[in-house]
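Undergrad: Got a predicted structure plus its sequence, pasted below:
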Amino acid sequence: MASTSLYRCVLITGASSGLGAEFARQLAPVSKALVLVARRLERLKSLAAQLEAASPGVQVHCLQADLTEIDQRESVLESIRSLKLEPDFLINNAGIGDYGEFLSSDWQKVETMMRINMEALTHLTHSSLAGMIKQGSGSIINVSSLAGILAIPDFAVYAATKAYVTSFSEALRIELMGHGIKVLALCPGPVHTGFGQVAQREEVSNVTPGGESVYVDAVQVVEEALTAIQKNKARHYPGKKIAFMAAVMSSVPVFLLRKMMSRRPRRSQSS
Ligand SMILES: NC(=O)c1ccc[n+]([C@@H]2O[C@H](COP(=O)([O-])OP(=O)(O)OC[C@H]3O[C@@H](n4cnc5c(N)ncnc54)[C@H](OP(=O)(O)O)[C@@H]3O)[C@@H](O)[C@H]2O)c1
């Protein structure tokens with residue numbers, strides 16, 4: 001990427017790990033300011049120090065917040081205002097999953113997942129738009145998932161939250177077209193990050209979606225996402241195999257998908 005600043009201020013949620021940290025790494029050389037948000041402040045600070053050392057032109061701000069809490073989201077927005085920053089690029093990346101059947105799921109985890117994957121993303125988007133509209137331009141990447149186009153047993157609520165993210169992003173993109181604001185639904189398949197460990201339940205051993213051959217590297221996912229948003233794409237499935245799988249899933253009649261999913265080996269079931 002060129003060394004000139006493409007972005008004045010990039011707000012990245014879930015930057016302490018995985019895709020969020022990789023977005024920060026790839027955007028630091030082309031941004032004036034980054035605002036990194038997550039609960040694990042030490043991880044954010046250590047990433048910020050590395051980024052500022054590697055890219056002296058960027059200022060990195062770290063904000064500790066549990067984004068499931070409305071008060072903490074408001075504090076993040078207030079901190080950004082008091083830093084006199086106005087994000088022109090929002091990356092709603094923070095999210096969690098939960099592998100296993102719905103019946104035996106832990107309600108607190110389900111509620112947390114819905115809050116972080118949908119409510120926080122929607123709230124931060126809502127709060128960022130006025131500034132972008134005033135500037136006459138802006139970019140939003142909402143991190144969805146390949147799971148968003150398929151109802152997946154043993155991943156039911158997660159897949160539903162990502163269907164929400166994709167649908168919301170597509171509709172918002174059309175609403176905002178006249179304002180110069182780009183909106184991308186990024187829909188990765190499996191990526192090696194901290195996601196699997198958080199999604200894993202104690203009683204379910206070694207559950208990983210798909211085979212190793214469908215995994216895409218986080219660096220590639222983020223490179224493709226940044227190219228896709230610059231091209232003002234509506235939706236992107238990173239990696240050739242994942243894009244192919246998405247195209248097939250989108251063209252198969254829904255009754256066949258139902259049959260396929262009901263024959264799929266169940267990963268965990270309560271006895
Ligand atoms: N990895 C995959 O296979 C995959 C595939 C498709 C889509 N995705 C999506 O990609 C996004 C990023 O996930 P990842 O794969 O990079 O996983 P990850 O390494 O576990 O990163 C998740 C990030 O979300 C943050 N987060 C979680 N709960 C939070 C909360 N309550 N408040 C604030 N931040 C919170 C975490 O930070 P703290 O724990 O420090 O708060 C962490 O930085 C997610 O939306 C996920 O659904 C992942």
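TA: Looks like it arrived, so ask away.

Undergrad: Check the offset of the least confident helix or strand in the chain by mean pLDDT from the chain's centre.
TA: Across the helices and strands of the chain, mean pLDDT, DSSP states H and E gives its lowest value to helix 254-263, namely a mean of 94. Offset of helix 254-263 from its chain centre (CA atoms, centre = their mean, to the nearest Å): 27 Å.

Undergrad: quick one: contacts of it?
TA: The contact list for helix 254-263 (CB atoms under 8 Å, 6 or more residues apart in numbering) reads 150, 151, 152, 153, 249, 252. Using the backbone N, CA and C atoms, a C-beta is placed for each residue, glycine as well.

Undergrad: And stretch 161-177, by the same measure?
TA: 92, 95, 113-114, 117-118, 121-122, 125, 129, 140, 142-145, 147-149, 182-185, 187, 234-235.

Undergrad: thinking again about what came up before, mind putting the contacts of helix 254-263 into CSV with secondary structure?
TA: Putting the contacts of helix 254-263 into CSV (DSSP: H, G, I helix; E, B strand; the rest coil) gives the following:
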residue, secondary structure
150, coil
151, coil
152, coil
153, coil
249, helix
252, coil
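
Undergrad: quick one: secondary structure of residue 11?
TA: strand.

Undergrad: what about the residue nearest to it when sequence neighbours are not counted, neighbour count?
TA: Closest residue to residue 11 in three dimensions, ignoring its sequence neighbours and counting by CB to CB, 6 or more residues apart in numbering: residue 87, at 4.1 Å. By the measure other CB atoms under 10 Å, the count of residues near residue 87 is 26.

Undergrad: Repeat that for residue 46.
TA: By other CB under 10 Å, neighbour count at residue 46 equals 13.

Undergrad: again, but for residue 72
TA: Applying other CB under 10 Å, we find 17 residues neighbouring residue 72.

Undergrad: What is the burial count for the closest residue to it other than its chain neighbours?
TA: Once flanking residues are discounted, residue 72 sits nearest to residue 65: 4.2 Å by CB to CB, 6+ apart. Counted with other CB under 10 Å, residues neighbouring residue 65 total 21.

Undergrad: Surely residue 65 touches residue 76?
TA: Yes - Residue 65 lies in contact with residue 76 (CB atoms under 8 Å); the separation is 5.0 Å.

Undergrad: shared neighbours of those two, anything?
TA: Common contacts of residue 65 and residue 76, defined by CB under 8 Å, 6+ apart, comprise residue 37.
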